[in-house]
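> any chance you can model this:
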Amino acid sequence: MNEQTDIVALVDMDGTLADYDGAMARDLAKLASPEETSEAIGYGHDHEDHIWERMKMIKSNGDWWENLPRLALGFEILDLLEELGFYRSVLTQGPKTNAVAWSHKVKWCFKNIPEIDITITRNKGLVYGRVLVDDYPVYIEQWLEHRPRGLVIMPAQPWNKDFSHPNVIRYDGSNMQEMRKALIAARDRKAKEDLVF
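As a prediction, the model looks like this:
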């Protein structure tokens with residue numbers, strides 16, 4: 001691990017390294033009544049109240065967080081960051097009303113990436129890094145607002161397919177060389193220089 005902490009890459013957990021969405025869709029389907037269609041229970045980011053309540057119940061079990069499956073795409077990015085000499089740190093949001101999730105997110109990290117430091121926050125925009133790896137546009141915009149020279153690698157997910165920004169590369173597994181070039185530019189950029197890749 002690179003101990004030079006001024007070349008920091010922050011890596012999101014849910015939807016980037018851990019398959020929160022796949023696990024949630026699977027577990028919501030288990031709670032569906034025989035009359036409910038897959039559209040009625042389908043996991044997305046807009047839900048009826050009863051689906052939100054089911055999600056809260058699922059997430060209240062700390063073991064659920066601890067046992068989320070790994071996402072291969074996120075680990076490809078994580079490996080490239082290590083190869084390029086970045087100091088890697090997980091940056092995940094802690095749910096506001098579910099304190100048990102915080103400790104179990106840490107346990108997930110200890111189990112899957114024990115060599116990497118972890119920061120849990122309510123506002124990702126407050127955390128320094130040259131690079132952010134995140135799947136969620138709201139958090140990306142929040143972070144870029146404070147880091148106009150920062151680079152974001154956005155793992156491809158259905159909910160971010162229409163998002164674009166000059167400092168964001170959407171990585172879908174087929175554009176590794178584009179991502180590598182941008183990460184090298186971010187790593188080698190001098191302080192206060194604009195990001196060019």
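
> flag the shaky bits of the chain, pLDDT-wise.
Scanning the chain for pLDDT under 70 picks out the ranges 1-5, 37-47.

> which strand in it has the most residues?
strand 87-93 (DSSP state E).

> now that strand: buried residues?
87-93 (16 or more other Cβ atoms under 10 Å). In short, each C-beta sits where N, CA and C put it, glycine included.

> what packs against that strand?
Under the contact definition 3 or more Cβ pairs under 8 Å, 6 or more residues apart in numbering; DSSP states H and E, strand 87-93 sits against strand 8-11, helix 72-83, strand 117-121.

> at 10 Å instead, please
strand 8-11, helix 72-83, helix 99-112, strand 117-121, strand 131-133, helix 137-146 (3 or more Cβ pairs under 10 Å, 6 or more residues apart in numbering; DSSP states H and E).

> among these, which comes closest to E178?
Across the helices and strands packed on strand 87-93, E178 has its closest neighbour in helix 72-83 (11.7 Å, Cβ to Cβ).

> contacts for the closest one, please.
If you take Cβ atoms under 10 Å, 6 or more residues apart in numbering as the criterion, helix 72-83 is touched by 1-2, 7-13, 15-19, 71, 86-88, 90, 112-113, 115-116, 131, 133, 135, 153-157, 171-173, 176, 179-180, 183, 187.

> of those, buried ones?
7-13, 15-19, 71, 86-88, 90, 112-113, 116, 131, 133, 135, 153-155, 157, 171, 179, 183, 187.

> which SS class is the residue in the chain sticking out farthest from the centre?
Using Cα atoms, centre = their mean, the residue of the chain lying farthest from its centre is E35. It sits 34.1 Å away. Secondary structure assignment for E35 (DSSP: H, G, I helix; E, B strand; the rest coil): coil.

> let me see the domain layout of this protein.
Annotated domains of the chain cover 8-19+69-188, 20-66 [automatic domain parsing].

> shouldn't I118 be in contact with T92?
Yes: I118 is within contact range of T92, at 7.3 Å (criterion: Cβ atoms under 10 Å).

> picking that back up, comparing the helices and strands packed on strand 87-93, which comes out most buried?
The highest average neighbour count among the helices and strands packed on strand 87-93, using mean count of other Cβ atoms under 10 Å, belongs to strand 131-133 at a mean of 27.

> ok so, going back, check the gap between the residue farthest from the centre of the chain and A25 for me.
Using Cβ to Cβ, to the nearest Å, E35 is found at 19 Å from A25.
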